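# structure, please.
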Amino acid sequence: MIALVLLGILVFIVVATVRFKMHPVFSLTISAIVAGLGLGLTPEIILKTMGEGLGKTLSGFALVIAFGSVIGIYLEKTGATQVLAQKVLSGVGFRKSPLALNLAGYLVSIPVFCDSGFIILSSLNKALSKRSGIPVMVFSIALATGLYAAHVFVPPTPGPLAAAAMLEADLGMVILLGLAVSIPVSVMGYVWANWMGKRIEGTETELDTTEKENIVNDLPKIKPYQAFLPLFAPIVLIALKSIASYPSYPFGEGLFFKAIDFIGNPVVALLVGVVLAVVLARNISTPNKSKWISEALGQAGSIVLITGAGGAFGAVLRTIDVGQWIGTNYESGLAGLAITFVIAALLKTAQGSSTVSIITTSAIVAPLLGAFGLESALDKALVVLSVGAGAMTVSHVNDSYFWVVSQFSGLTTKEGLQGLTLGTLLQGLTGFVLIMLLYLVL
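A predicted model of the protein is given here:
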């Protein structure tokens, strides 16, 4: 019965999202109610459980999402993202400029949505192609895959941040392991771009490439370290807190530990990032900055609501022994990571949104962690990453990112499938293999 209910809910989520274009907030909420009724819970228990699940998931998480969105908007609007990209490019040189653009996209996508990141940096593709003699498609695919790697693995990107909250994973550990997995995955995207990009002959989209070349030539007067600080300061602080809280207490348990424990709290760390981002816009008029804040909080609000609905859904599933129909053994942790990856990949491929795939999969597998023996802090962090690897497998015609990349790169649908879709498939599988290796080694 449990298996039938879960299967029915998965089908409903996909059909509601793809066929009827239902917002994930409503599809997840309906799924929570239907799942509760199908599993024999009373209406009173369902509503109470949903409320508790929503509150627990969003406790402390809503502000983190909001602050992360503000940082992303400020980096985007002030032009700091372009400064980051140009700094990476200048350090690598034009001969390796596709790799530099891949890594620049990786950095930018940590605070900025990958769709926006590609639009912002796509202007560099044509300019670098002209100066280096490398086909423009190499740059497009390298940039797209670099952006996508951080998008599903590294907080404070909303997807992995939501998964960490729902699976109660240590955020610092997710960041550290996410960096370890996502950097090779990003580089794999570059390798694919270098091979496939030279075999695709796309046509230029004159509208945006010509407009944005002017922006590249008129970079804001922001020093590179100022552009990097709002992005990396919160990540370093959160990671330090995780290291300081390790059972061996490498920094001791005195005043320094207490200071790191406080400032490394995700809410405080992201607030520090916000302050550093606001400094970038000190010469911008207040009305414009107010508009930026409203835009950022609008983006954050949607993600927070989806995550809250996912938390309510997961709380309903936790009320019953979901693991009773799964045979477990000593190696069930590997099986759990594999099942998690497959569920996320199926949801991603079926309905298109990586964030919806991450949140829905996290809600489904949260009650299964005990059955799979994935209950330690390390295990939960790896589950978050396994969800992320599945949620990038694959980007195709039902994903808005696919169309952003193809349209701004002048790709036909077939060329987009060859370049981006196969690239994200290779990246997802690479990420999954690395996660399995980490589980076996650590």
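
# contacting residues around residue 98?
In this structure, residue 98 makes contact with 128, 134, 138-139, 142, 190, 193-194, 197, judged by Cβ atoms under 8 Å, 6 or more residues apart in numbering. Quick note: C-beta positions are derived from backbone N, CA and C, even for glycine.

# ignore what I typed, I meant residue 180.
When contacts are counted by Cβ under 8 Å, 6+ apart, residue 180 touches 434, 438.

# state the helix or strand in which it lies.
Assigned by DSSP states H and E, residue 180 falls within helix 171-196.

# and that helix, what's buried?
When burial is assessed from 16 or more other Cβ atoms under 10 Å, helix 171-196 yields the following buried residues: 171-179, 181-183, 185-194, 196.

# can you check stretch 245-264 too?
Residues of stretch 245-264 classed as buried by neighbour count (16+ other Cβ under 10 Å): 245, 251, 257, 260-261, 263-264.

# for the record, mean pLDDT for that stretch?
Over the span of stretch 245-264, the pLDDT mean works out to 88.

# please renumber so the chain begins at 62
That works, and once the first residue is 62, the last one we named lands at stretch 306-325.

# got the contact list for that stretch?
In this structure, residues lying in contact with stretch 306-325 by Cβ under 8 Å, 6+ apart are 231, 233, 298-305, 329-330, 333.

# ok, the residues you listed vs residue 145, which is closest?
The shortest separation between residue 145 and any of the contacts of stretch 306-325 is 18.4 Å, and it belongs to residue 333 (by Cβ to Cβ).

# please produce TSV containing the buried residues of stretch 306-325, extended by secondary structure and distance to residue 478.
Below are the buried residues of stretch 306-325 laid out as TSV (DSSP: H, G, I helix; E, B strand; the rest coil; distance: Cβ to Cβ, whole Å):
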residue	secondary structure	distance to residue 478
306	coil	45
312	coil	50
318	helix	51
321	helix	47
322	helix	48
324	helix	46
325	coil	43
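
# for the helix holding residue 241, give the mean pLDDT please.
Across helix 232-257, the average pLDDT comes to 95.

# list the contacts of residue 205.
Contact analysis of residue 205 by Cβ under 8 Å, 6+ apart lists 166, 175, 179, 250, 462, 466, 470, 480-481, 484.

# if you could redo that for residue 284, that was the one I meant.
residue 144.

# burial count for residue 259?
Using other Cβ atoms under 10 Å, residue 259 has 12 other residues around it.

# pretty sure it sits against residue 199.
Yes: taking Cβ atoms under 8 Å as the definition, residue 259 is a contact partner of residue 199 at 6.2 Å.

# out of the contacts of residue 205, who's nearest residue 147?
Relative to residue 147, the closest of the contacts of residue 205 is residue 166; by Cβ to Cβ it sits at 13.0 Å.

# which pLDDT value belongs to that closest one?
Among the per-residue scores, residue 166 holds a pLDDT of 92.

# try the one 5 residues further on
The predicted local distance difference test score for residue 171 is 89.

# now name the helix or strand holding it.
Counting by DSSP H and E, there is no helix or strand that carries residue 171.

# now do the contacts for it.
Residues near residue 171 by Cβ under 8 Å, 6+ apart: 211, 215, 217-218, 292, 296.

# what about it, distance to residue 233?
The spacing between residue 171 and residue 233, counted by Cβ to Cβ, to the nearest Å, is 15 Å.

# hang on, the earlier thing: from the contacts of residue 171, pick the one nearest residue 374.
Checking the contacts of residue 171 against residue 374 by Cβ to Cβ gives residue 218 as the nearest, at 21.2 Å.

# now the contacts of residue 159 in JSON lines, with distance to residue 419?
What follows is these, written out as JSON lines (distance: Cβ to Cβ, whole Å):
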{"residue": "189", "distance to residue 419": "32"}
{"residue": "195", "distance to residue 419": "33"}
{"residue": "199", "distance to residue 419": "29"}
{"residue": "200", "distance to residue 419": "28"}
{"residue": "203", "distance to residue 419": "24"}
{"residue": "251", "distance to residue 419": "24"}
{"residue": "254", "distance to residue 419": "24"}
{"residue": "255", "distance to residue 419": "29"}
{"residue": "258", "distance to residue 419": "28"}
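
# just to revisit the earlier point, can you select the buried ones among the contacts of residue 171 for me in ChimeraX?
Command for ChimeraX that selects the buried part of the contacts of residue 171, burial taken from 16+ other Cβ under 10 Å:
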select :211,215,217,218,292,296
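
# now, which of the contacts of residue 171 sits nearest residue 355?
Nearest to residue 355 among the contacts of residue 171: residue 217, at 19.5 Å, using Cβ to Cβ.

# helix, strand or coil: sort out the closest one for me.
Using DSSP: H, G, I helix; E, B strand; the rest coil, the three-state assignment for residue 217 comes out as coil.

# quick check, residue 111 in contact with residue 93.
Yes: under the contact definition of Cβ under 8 Å, residue 111 touches residue 93, with a separation of 5.4 Å.

# more neighbours: these two, which one.
When residue 111 and residue 93 are compared on other Cβ under 10 Å, the one with more neighbours turns out to be residue 93, at 27 against 22.

# secondary structure element holding the more buried one?
According to DSSP H and E, residue 93 maps onto helix 85-99.

# and that helix, what does it pack onto?
If you count contacts as 3 or more Cβ pairs under 8 Å, 6 or more residues apart in numbering; DSSP states H and E, helix 85-99 packs onto helix 63-79, helix 104-119, helix 347-379, helix 415-426.

# export those to TSV and append columns for distance to residue 151.
Conversion of the helices and strands packed on helix 85-99 to TSV gives the following (distance: least, Cβ to Cβ, whole Å):
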stretch	distance to residue 151
helix 63-79	42
helix 104-119	41
helix 347-379	28
helix 415-426	31
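
# any weak-confidence spans in the stretch 262-411 of the chain?
Scanning the stretch 262-411 of the chain for pLDDT under 70 picks out the ranges 262-281, 382-392.

# which residues of it fall in strands?
Listed in chain order, the stretch 262-411 of the chain contains no strands at all (DSSP state E, counting those that start in this stretch).

# how close does residue 469 get to residue 483?
Counting by Cβ to Cβ, the gap between residue 469 and residue 483 amounts to 19 Å.

# comparing these two, which residue is more hemmed in?
Using other Cβ under 10 Å, the more surrounded residue of residue 469 and residue 483 is residue 469, with 22 against 16.

# gap between the more buried one and residue 167?
When distances are taken as Cβ to Cβ, residue 469 and residue 167 turn out to be 18 Å apart.

# next, count neighbours for residue 103.
The local packing count at residue 103 equals 10, with neighbours defined by other Cβ under 10 Å.

# go on, residue 68?
Counted with other Cβ under 10 Å, residues neighbouring residue 68 total 10.

# burial check on residue 167, number of neighbours?
By the measure other Cβ under 10 Å, the count of residues near residue 167 is 29.

# that one and residue 496, how far apart?
On the measure of Cβ to Cβ, residue 167 and residue 496 end up 18 Å apart.
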